[in-house]
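Asks: what shape does this take:
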Amino acid sequence: MSTSDRSARAAATHSVGSNQLGMRQFNERIVLQAIRLHGALPKADIARFTRLSMQTASLIVDHLIEDGLLAKDPRTRVRGRIGQPSVPISLRADGAFFIGVKVGRRSLDVLSMDFAGAIRARETLSYAYPDPDVLFPALEARLGRAVESLGEGARNLAGIGVAAPLWLGGWRDFFDTPPDVLAAWNDIDIRARIEALTERPVEFAKDTTAACAAELVMGQGRGLRNFLYVFIGTFIGGGLVIDGRLHAGPGGNAGAIGSLPMPGSAGQLLNVASVYVLEKAFASVGAPAEAAHDARALSPDLRGLSDDWMRETCPAIAGSIASASALLDLEAVVIDGEIDRALLRDVIGRTDEALGVFDWQGMTRPCLIEGLIGPDARAMGGAILPLYAHFAPKHELFLKPLDA
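Replies: Have a look, this model is predicted:
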């Protein structure tokens, strides 16, 4: 390939230079991010945290106040050494709203969230299996009520985010369902179907990637740069953050820890470490499957079965973490789930103990951290997706194509 050919190809595929409007948007987003991370801040601290000049930070804050995304909070004035007390700037809760949808294998969740991250309303529909003929009419009604619940704030609805398994129709043998019900999902574009139900823009992500986004923006991820996220749900799954940014991967499936193969077995991690395995163990003794998700899992009658599950689950998770660490050089692993918090902490403790049997020469052993969001992580993550898309800092914003 000639030099001219290489240059032409580079021009078609690369972005260079600085776009002034994009740079302003980027700076606005890092100001919003600084306040989201640290809480209400006076302008001087905003400039310090963002490394912007005081003049630039002040101008950006004033613009964002005019746009209705920030507000002065005179109730929390900060008194300095010299001059008048400074007025902290906070996120304006009603500056934007988001709706999160979680389409799961056992339940549908729809919630609305304000710009400050508070949940304003939520609805849940539980089912034995996701029947699209039942689910989409129920979802349409709930979306309508979610928008109505915002009142005049609906005009500030920035978007809808949807979290769902990438292969909702997969692993049919694990569930007692009518023939072909789950198979119908193989021909359904969930994002397109939901866009057809509403005129609002829709963001989509794998359910555990969305949960990872919630942890990144609202949870432990605010203090971490590189981490693997593990969510123990009906099926175990995960997400990935690299250099402080959500990394979905080209197919949207990065962090799919549940699909890692088990050594010496034809199975995957999800065949061992998923909550459905514990549900089946409980069902075998006549206990309700729901007990696997709440404090009953640690009751005297069921504790033995939970211990048996953890004896297999925790070493399996530890092996997967060790493999991921060798490839990704992880700072931490954040573990969360839709199980009782005491059981989750037991899982984390036993997994950390199981990590001790591995040879960590040439690798950095990551610390294990309990997630902060809990069972709401996927639905909240759905709401986080449009927030992340429209308001999170992205370096691509100030790049311009060569042909622009």
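Asks: got any ranges where this protein has weak pLDDT?
Replies: The chain contains residues with pLDDT under 70 at 1-21, 74-85, 171-175, 395-404.
Asks: wasn't Ala281 part of a helix?
Replies: Yes. Looking at Ala281 with DSSP: H, G, I helix; E, B strand; the rest coil, it is inside a helix.
Asks: you'd agree it is up against Met310?
Replies: No. Judged on C-beta atoms under 8 Å, Ala281 makes no contact with Met310 at a distance of 11.3 Å. All C-beta atoms are positioned from the backbone trio N, CA, C, and that covers glycine.
Asks: which residues touch Glu353?
Replies: Residues counted as contacts of Glu353 (C-beta atoms under 8 Å, 6 or more residues apart in numbering) are Cys314.
Asks: would you confirm that Phe115 contacts Ser90?
Replies: No. Contact criterion C-beta under 8 Å: Phe115 and Ser90 do not qualify, at 10.3 Å.
Asks: compare these two and say which is more crowded by neighbours.
Replies: Taking other C-beta atoms under 10 Å, Phe115 and Ser90 do not tie; Phe115 has more neighbours (23 against 18).
Asks: distance of that one relative to Glu148?
Replies: Phe115 sits 19 Å away from Glu148, taking C-beta to C-beta, to the nearest Å as the criterion.
Asks: one more: Leu246?
Replies: Distance, Leu246 to Glu148, by C-beta to C-beta: 31 Å.
Asks: neighbour-wise, which of these two wins?
Replies: Higher neighbour count among Leu246 and Glu148: Leu246, with 25 against 10, using other C-beta under 10 Å.
Asks: chain neighbours aside, what residue packs nearest to that one?
Replies: Nearest residue to Leu246, sequence neighbours excluded (C-beta to C-beta, 6 or more residues apart in numbering): Ala213, at 5.3 Å.
Asks: show me what the stretch of helix or strand that neighbour belongs to is packed against.
Replies: Secondary structure from DSSP states H and E places Ala213 in helix 207-218. Counting contacts by 3 or more C-beta pairs under 8 Å, 6 or more residues apart in numbering; DSSP states H and E, helix 207-218 packs against strand 97-103, strand 157-164, strand 227-232, strand 236-242, strand 245-246, strand 332-337, helix 377-391.
Asks: output it as CSV, nothing but the C-alphas.
Replies: C-alpha atoms of helix 207-218 as CSV (Å, rounded to 0.1, in the frame of the first residue of the first chain):
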residue,chain,number,x,y,z
ASP,A,207,-28.4,-6.2,31.9
THR,A,208,-25.2,-6.7,33.9
THR,A,209,-23.4,-4.0,31.8
ALA,A,210,-26.2,-1.6,32.8
ALA,A,211,-25.8,-2.7,36.4
CYS,A,212,-22.1,-2.0,36.1
ALA,A,213,-23.0,1.5,34.8
ALA,A,214,-25.1,2.1,37.9
GLU,A,215,-22.2,1.0,40.2
LEU,A,216,-19.8,3.2,38.1
VAL,A,217,-21.9,6.4,38.4
MET,A,218,-23.6,6.0,41.8
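Asks: what's the burial count for the residue lying closest to Gly371 once chain neighbours are set aside?
Replies: Spatially, and ignoring its direct neighbours in sequence, Gly371 is nearest to Asp336 (2.7 Å; C-beta to C-beta, 6+ apart). For Asp336, the count of nearby residues is 29 (other C-beta under 10 Å).
Asks: test my guess that Asp336 contacts Glu215.
Replies: Yes. Counting by C-beta under 8 Å, Asp336 touches Glu215, with 6.8 Å between them.
Asks: looking at the sheet around the residue nearest to Gly371, what are its partners?
Replies: Note on Asp336: beta-bridge partners Phe231, judged by DSSP bridges.
Asks: check contacts around it.
Replies: Taking C-beta under 8 Å, 6+ apart, we find Asp336 in contact with 211, 215, 229-232, 344, 370-374, 377.
Asks: out of the residues you listed, which are buried?
Replies: Taking 16 or more other C-beta atoms under 10 Å as the criterion, what is buried in those is 211, 215, 229-232, 344, 370-371, 373-374, 377.
Asks: between the residues you listed, which is closest to Asp359?
Replies: For those, the residue nearest Asp359 by C-beta to C-beta is Val230; the value is 21.9 Å.
Asks: which residues touch the closest one?
Replies: Val230 touches 236-238, 257, 317, 321, 333-337, counting by C-beta under 8 Å, 6+ apart.
Asks: make TSV from the helices and strands packed on helix 207-218 and add distance to Gln55 to it.
Replies: Shown next, in TSV, are the helices and strands packed on helix 207-218 (distance: least, C-beta to C-beta, whole Å):
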stretch	distance to Gln55
strand 97-103	32
strand 157-164	29
strand 227-232	36
strand 236-242	33
strand 245-246	28
strand 332-337	37
helix 377-391	23
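Asks: I'm done for today, thanks for sticking with me.
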